[in-house]
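Peer 1: What shape does this take:
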Amino acid sequence: MADETPKPTAPVPKTTRPLSEALLNEKWDRCLSSFLVKSGLGLSFGVVFSVLLFKRRAWPAFVGTGFGAGRAWEECDNSFKRATTPSKDGLRVIRP
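Peer 2: Reported below is the predicted structural model:
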């Protein structure tokens, strides 16, 4: 009998996305999660202020949601515009 050992085969590489697409997907994920979290926080603060200060009116909840969504929109827009500089999300930059 002949000695037939199976030849080791090279692993099949996964089809990976280009690096730029992965970075873009990461930015979109961060933007959407930031939008949901900040809108939710704005809504909750609006509901609390509505109950405590404004005799259960609806407008503080809408205003709080708008502030949260606007803040998330600006951060997202800023992260897409400054694509060439490294990300410093959440860090304060002190300018001289």
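
Peer 1: any chance you could map the helices in the chain?
Peer 2: 19-52, 59-81 (DSSP state H).

Peer 1: Distance to Thr5 added to those, as a markdown table?
Peer 2: Backbone N, C-alpha and C define where each C-beta goes, glycine included. Listed next are those as a markdown table, based on distance: least, C-beta to C-beta, whole Å:
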| stretch | distance to Thr5 |
| --- | --- |
| helix 19-52 | 39 |
| helix 59-81 | 54 |
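
Peer 1: Export these as JSON lines, with columns for mean neighbour count and distance to Ile94.
Peer 2: As requested, these are exported to JSON lines (neighbours: other C-beta atoms under 10 Å; distance: least, C-beta to C-beta, whole Å):
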{"stretch": "helix 19-52", "mean neighbour count": "15", "distance to Ile94": "23"}
{"stretch": "helix 59-81", "mean neighbour count": "16", "distance to Ile94": "17"}
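
Peer 1: nearest to Thr9, of those?
Peer 2: Thr9 lies closest, by C-beta to C-beta, to one member of the helices of the chain: helix 19-52, at 27.3 Å.

Peer 1: Show me what the closest one is packed against.
Peer 2: Applying 3 or more C-beta pairs under 8 Å, 6 or more residues apart in numbering; DSSP states H and E, one finds that helix 19-52 contacts helix 59-81.

Peer 1: what is the mean pLDDT for the helix it packs on?
Peer 2: The average pLDDT for helix 59-81 rounds to 90.

Peer 1: now the angle between helix 19-52 and it, please.
Peer 2: Helix 59-81 runs at 160 degrees relative to helix 19-52, counting by axes from the mean of the first three to the mean of the last three C-alpha atoms, to 10 degrees.
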